[in-house]
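**Q** Mind folding the following:
(one chain, ligands or ions: 1)
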Amino acid sequence: MQMQQEPRWWQSAVVYQIYPRSFADSDGDGVGDLRGILGRLDYLQRLGVDVVWLSPVYASPMDDNGYDISDYCDIDPVFGSLADFDELVARTHERGMKLVMDLVVNHTSDEHPWFKESRASKDSPKRDWYWWRMEPNNWGSFFSGSAWQCDEATGEYYLHLFSRKQPDLNWENSDVRVAIYDMMRWWLARGVDGFRMDVINFISKVPGLPDGEVRPGEEHGDGTPHFYSGPRIHEFLHEMHEQVFAQHDGELLVVGEMPGVTVEDAILFTDPARGEVDMVFQFEHVEVDRGQTKYDVIPFSLPALKSSLGRWQHGLADRGWNSLYWNNHDQPRVVSRFGDDQGFRSRSAKMLGTVLHMHRGTPYVYQGEELAMTNTVLESIEDFRDIEAKNHYANATALGRSPADVLAALRFKSRDNARTPMQWDSSPQAGFTSGSPWIEVNPNYKEVNADSQLNDPDSVFAYYRRLIELRHSEPVVARGDFTMLLPEDSRIYAFVRRLDDVALLVLGNFSGDDVLAQVPDAAAWLSAELILTNLAPGISSKGRDAAAIMLAAWETRVYRRHL
Ligand code: TEU
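**A** The predicted structure is shown next:
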């Protein structure tokens with residue numbers, strides 16, 4: 001017996017992620033800001049998205065571009081003021097869209113008053129708000145080097161899973177939790193509609209912080225088994241739900257970013273009956289091209305991608321909910337990664353968008369994805385801005401790796417690929433700023449920009465509008481079940497969605513070749529209604545009695561049939 005879940009508003013919604021630093025700069029200082037976003041709300045409304053998620057805009061020394069927060073209850077001056085923020089909330093709501101904040105509470109900035117107080121002395125009342133040790137364990141940081149930093153004031157070490165300027169909060173201490181829930185309620189009272197919660201499955205650490213395994217060739221131990229979905233994680237998230245979300249009765253969208261989360265755990269996190277979060281970001285599908293480490297790139301395998309996404313579709317079919325994404329501010333651009341950003345940029349971007357958006361789950365569009373923005377040109381290490389990339393380069397080259405090899409991997413995988421300015425038009429700096437941008441604009445902006453796509457019915461932008469509209473108008477897209485076809489095919493992604501007597505067949509060719517998709521019932525599908533394709537009408541081959549469906553390079557099709 002399938003458990004019928006109550007339909008929730010976000011099951012038919014599409015979320016748009018803004019990375020404020022790189023979206024739109026209103027004052028010419030080269031960094032995007034809230035007033036810049038205000039000036040572009042019409043664009044988002046035209047795209048048709050339901051929710052806007054802002055990467056952090058809180059006060060921050062910007063060691064990790066705002067994921068290091070020094071004041072949770074203020075806006076960083078580089079982005080504007082609380083008054084600008086209130087206006088943004090109001091204008092977003094006026095247009096029928098919701099606004100979700102990024103919540104970073106696994107760690108703060110080392111410049112947060114809590115940490116300043118904590119580090120001051122061993123008997124500070126806030127000493128226990130962070131993790132202090134006489135001796136560090138062997139964990140490595142995600143941003144290279146040890147996860148521990150010796151602090152001058154007391155000679156003890158503090159834990160930082162990310163940069164030295166991002167000390168981890170100690171969630172075992174209930175005062176920490178109370179302070180965080182208070183702050184969350186304060187934002188909800190200001191009108192925000194939910195939270196994207198940064199590395200939220202890292203907040204519960206195994207007591208005693210045991211050493212991690214040191215793999216051959218590695219300098220540090222892998223601490224992840226001791227904090228990925230740690231022993232108290234479900235308890236903490238349920239408590240947060242009770243203390244913060246429950247009062248808002250299903251109006252919010254709460255998504256937990258959870259590196260390393262398993263399907264089994266995701267079911268528990270997102271089962272509405274358990275009261276934790278609405279959905280999680282999992283990472284398996286964006287790690288199909290990952291070797292032992294992030295920068296060790298292995299060849300892309302479509303069967304591996306299908307096996308992963310299919311397992312998640314299956315696992316969360318009855319209980320819980322998926323979120324769907326190719327891109328965010330940490331991932332290279334998908335058209336450069338799984339598509340063809342040269343000869344078939346637009347066509348392959350539309351295919352990738354279709355395959356993702358037709359899955360069951362809530363799709364996330366990352367700024368510029370709707371224009372098929374690509375990875376950028378990063379020649380020397382000076383072109384990079386991201387602390388993760390810069391630390392990795394310094395560390396790997398110090399350990400004797402060839403700078404050319406390290407740079408090659410960084411060019412493909414660097415988070416800076418996602419962080420170049422939004423390409424609005426073909427004017428200097430792509431219309432992003434009148435000043436000098438904090439990171440170079442992608443040199444392809446004259447060809448790839450919003451202005452050239454907004455009024456073109458064949459543009460990637462127009463195509464994304466249709467994808468979003470389909471989720472709103474077709475119940476089978478939002479609520480239908482999912483069946484993967486052709487799991488072993490190395491070039492075709494194919495699946496069926498079904499709700500009552502309506503079925504959709506979704507096909508995507510992940511290659512530059514013509515390929516015959518040997519799907520069951522091919523003849524019946526060929527005579528069904530073609531509701532979406534990325535090829536101009538007439539180019540699609542339509543042999544009526546074929547036993548298979550011929551797809552051109554990077555072609556995608558969605559057929560609808562009544563059964
Ligand atoms: O990222 C969490 C995370 O684990 C990674 O995806 C991270 O981006 C890194 O690439 C690991 O190699 C979140 C944020 O999305 C990211 O921007 C922050 O830097 C990080 O947490 C720390 O707050």
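
**Q** For the residue nearest the centre of the chain, give me its contacts.
**A** Nearest to the mean C-alpha position of the chain, by C-alpha atoms, centre = their mean, lies Asn328 at 3.8 Å. Shown in contact with Asn328 (C-beta atoms under 8 Å, 6 or more residues apart in numbering): 17, 281, 364, 366, 418. In short, each C-beta sits where N, CA and C put it, glycine included.

**Q** Touching stretch 82-95 from outside, list them.
**A** 33-35, 37-38, 41, 44-45, 52, 57, 74-75, 98-99, 190-192.

**Q** Among those, name the ones in helices.
**A** Here DSSP state H is the test, and these give 34-35, 37-38, 41, 44-45 as lying in helices.

**Q** Pull out the buried members of those residues.
**A** 34-35, 37-38, 41, 44 (16 or more other C-beta atoms under 10 Å).

**Q** Considering only the stretch 401-550 of the chain, name the residue that lies closest to the ligand.
**A** At 6.1 Å from the ligand, Arg415 is the closest residue in the stretch 401-550 of the chain, using C-beta to the nearest ligand atom.

**Q** How about the contacts made by that residue?
**A** 329-332, 386, 388-389.

**Q** isn't Asn449 right next to Asp425, touching?
**A** Yes - using C-beta atoms under 8 Å, Asn449 is in contact with Asp425, at 5.2 Å.

**Q** Please identify which of those two sits among more neighbours.
**A** Asn449 (22 against 16; other C-beta atoms under 10 Å).

**Q** what's near enough to touch the more buried one?
**A** Contacts here follow C-beta under 8 Å, 6+ apart; on that basis Asn449 touches 371, 423-426, 430-431.

**Q** where's Met97 relative to the ligand, distance?
**A** Separation of Met97 from the ligand (C-beta to the nearest ligand atom, to the nearest Å) stands at 22 Å.

**Q** ok, that residue - contacts?
**A** The contact partners of Met97, by C-beta under 8 Å, 6+ apart, come to 41, 44-45, 49-52.

**Q** redo that, cut-off 10 Å
**A** 13, 15-16, 41, 44-45, 48-52, 91, 193 (C-beta atoms under 10 Å, 6 or more residues apart in numbering).

**Q** repeat for Asp25
**A** 31-33, 35-36, 39, 78, 421-422, 429, 431-435, 437-438.

**Q** Report how many residues lie close to the nearest residue to Thr154 once chain neighbours are set aside.
**A** In space, and not counting its chain neighbours, Thr154 is closest to Lys122: 5.3 Å by C-beta to C-beta, 6 or more residues apart in numbering. For Lys122, the neighbour count with other C-beta under 10 Å is 11.

**Q** so what's Lys122 scoring on pLDDT?
**A** pLDDT, Lys122: 98.

**Q** farthest pair in the contacts of Asn328?
**A** Distance extremes for those: the farthest pair is Phe281 and Ala418 at 14.5 Å, using C-beta to C-beta.

**Q** Not counting its neighbours along the chain, what's nearest the residue in the stretch 301-450 of the chain that the ligand sits nearest to?
**A** Nearest residue of the stretch 301-450 of the chain to the ligand (C-beta to the nearest ligand atom) works out as Asp330 at 3.6 Å. Once flanking residues are discounted, Asp330 sits nearest to Arg415: 5.0 Å by C-beta to C-beta, 6+ apart.

**Q** For Asp74, which residues are in contact?
**A** 57-60, 81-82, 85.

**Q** Ok, Asp341 next?
**A** Residues counted as contacts of Asp341 (C-beta under 10 Å, 6+ apart) are 333-335, 348-349, 372-375, 444, 448.

**Q** same check, this time on Lys446
**A** Lys446 neighbours (C-beta under 10 Å, 6+ apart): 423, 425-427, 430, 452.

**Q** Can you name every helix or strand that the helix or strand where Gln17 lies contacts?
**A** Using DSSP states H and E, the element containing Gln17 is strand 15-18. Secondary-structure packing of strand 15-18 (3 or more C-beta pairs under 10 Å, 6 or more residues apart in numbering; DSSP states H and E): helix 41-47, strand 51-54, strand 98-103, strand 194-197, strand 362-366.

**Q** and these as JSON lines, adding mean pLDDT?
**A** Shown next, in JSON lines, are the helices and strands packed on strand 15-18 (pLDDT from 0 to 100):
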{"stretch": "helix 41-47", "mean pLDDT": "98"}
{"stretch": "strand 51-54", "mean pLDDT": "98"}
{"stretch": "strand 98-103", "mean pLDDT": "98"}
{"stretch": "strand 194-197", "mean pLDDT": "98"}
{"stretch": "strand 362-366", "mean pLDDT": "99"}
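
**Q** re earlier: take the contacts of Lys446 and lay them out in a markdown table including secondary structure.
**A** Formatted as a markdown table, these follow (DSSP: H, G, I helix; E, B strand; the rest coil):
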| residue | secondary structure |
| --- | --- |
| Gln423 | coil |
| Asp425 | coil |
| Ser426 | coil |
| Ser427 | coil |
| Ala430 | helix |
| Ser452 | coil |
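
**Q** need the residues of the stretch 51-200 of the chain near the ligand, please.
**A** By C-beta under 6 Å from any ligand atom, the residues of the stretch 51-200 of the chain that approach the ligand are 64, 67, 104, 142, 162, 198-199.

**Q** Could you do the stretch 301-450 of the chain as well?
**A** So far as C-beta under 6 Å from any ligand atom goes, the stretch 301-450 of the chain lies against the ligand at 329-330, 388.

**Q** Of those residues, which belong to helices?
**A** Per DSSP H, the subset of those in helices is Glu388.

**Q** Kindly reformat the residues of the stretch 301-450 of the chain next to the ligand as TSV containing distance to Tyr295.
**A** Shown next, in TSV, are those (distance: C-beta to C-beta, whole Å):
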residue	distance to Tyr295
His329	18
Asp330	13
Glu388	10
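
**Q** Where neighbours are concerned, which of the residues of the stretch 301-450 of the chain next to the ligand has the most?
**A** Result: Glu388 is most packed of those (other C-beta under 10 Å), 23 neighbours.

**Q** excluding its backbone neighbours, what's nearest it?
**A** Excluding its sequence neighbours, the residue lying closest to Glu388 (C-beta to C-beta, 6+ apart) is Phe143, at 5.2 Å.

**Q** Report the two of the contacts of Met97 separated the most.
**A** Farthest pair in the contacts of Met97, by C-beta to C-beta: Ala13 and Arg91, 18.8 Å.

**Q** of these two, who's got more company?
**A** Ala13 (19 against 15).

**Q** Spatially, and excluding backbone neighbours, which residue is closest to the more buried one.
**A** Leaving out its chain neighbours, the residue that sits closest to Ala13 by C-beta to C-beta, 6+ apart is Asp50, at 3.8 Å.

**Q** thought that neighbour was touching Arg471?
**A** Yes - Asp50 lies in contact with Arg471 (C-beta atoms under 10 Å); the separation is 9.1 Å.

**Q** any residues in contact with both of these two?
**A** Any residue near both Asp50 and Arg471 by C-beta under 10 Å, 6+ apart counts here, and that gives 12-14, 362.

**Q** which of those tops the neighbour count?
**A** Ranked by the number of neighbours (other C-beta under 10 Å), the shared contacts of Asp50 and Arg471 place Thr362 first, at 25 neighbours.

**Q** Just to check, that residue is in contact with Ala13?
**A** Yes - counting by C-beta under 10 Å, Thr362 does reach Ala13; the two are 6.0 Å apart.

**Q** picking up where we left off before, which PyMOL command selects the buried ones in the contacts of Asp74?
**A** Selection of buried members from the contacts of Asp74 for PyMOL, criterion 16+ other C-beta under 10 Å:
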select buried, resi 57+58+59+60+85
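
**Q** can you tell me which of the contacts of Asp74 are in helices?
**A** Filtering these for helices - DSSP H - leaves 82, 85.

**Q** Kind regards, and thank you for your time.
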